[in-house]
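Asks: dropping the sequence and predicted coords here.
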Amino acid sequence: MSDSFWNEAKKYRAIMQIMVAGFIPFGMVVTYVWIKMFEFNFNFIVPFIGLLLWYLFYLRVVNKFKSSVCPKCGELAFGDSPNILTKMNCIECGLRNE
Ligand SMILES: [Zn+2]
């Protein structure tokens, strides 16, 4: 039971890390492709929407991660911890993934 909790948490954290790391490259690629294809004939609404969707998806994953309930104490395990990308222990009871 605890294992699946940590598997979920790790999965979400991995997605968040990839999305944070990928945000700038993704934005550059989308912008580059857009310029190559349309040579500024249009405005930047499409790259902008791409990045916005990326960001919204990221927020969704963050929300799911933050709503993970600790299998030991039943509280929100990660709450509003500012270290969600690095720390992996319950802020309420300190349950760790060992
Ligand atoms: Zn806990």
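Replies: Received, thanks.

Asks: helices and strands around the helix ranked longest in the chain, which ones?
Replies: With secondary structure taken from DSSP state H, the chain has its longest helix at helix 2-38. If you count contacts as 3 or more C-beta pairs under 8 Å, 6 or more residues apart in numbering; DSSP states H and E, helix 2-38 packs onto helix 45-66. No exception for glycine: its C-beta is placed from N, CA and C like everyone else's.

Asks: what residues sit buried inside the helix it packs on?
Replies: Pro47, Gly50, Leu51, Trp54, Tyr58, Val61, Val62, Phe65 (16 or more other C-beta atoms under 10 Å).

Asks: now the angle from that helix to helix 2-38?
Replies: 180 degrees (axes from the mean of the first three to the mean of the last three C-alpha atoms, to 10 degrees).

Asks: for the protein, which residues score under the pLDDT cut-off?
Replies: The model of the chain has pLDDT under 70 over residues 1, 40-44, 98.

Asks: who in it is up against the ion?
Replies: Residues of the chain lying close to the ion (C-beta under 5 Å from the ion) are Cys70, Lys72, Cys73, Cys90, Glu92, Cys93, Leu95.

Asks: how deep is the fourth one tucked in, by neighbour count?
Replies: Residues contacting Cys90 under the criterion other C-beta atoms under 10 Å number 24.

Asks: tell me the contacts of the residue nearest the centre of the chain?
Replies: By C-alpha atoms, centre = their mean, the chain has its centre lying nearest to Met16, at 2.7 Å. By C-beta atoms under 8 Å, 6 or more residues apart in numbering, the contact list for Met16 reads Tyr58, Val61, Val62, Phe65, Ile84, Leu85.

Asks: so which bits of the longest helix of the chain are buried?
Replies: Of the residues in helix 2-38, Phe5, Trp6, Ala9, Tyr12, Arg13, Ile15, Met16, Met19, Val30, Thr31, Trp34 count as buried by neighbour count, 16+ other C-beta under 10 Å.
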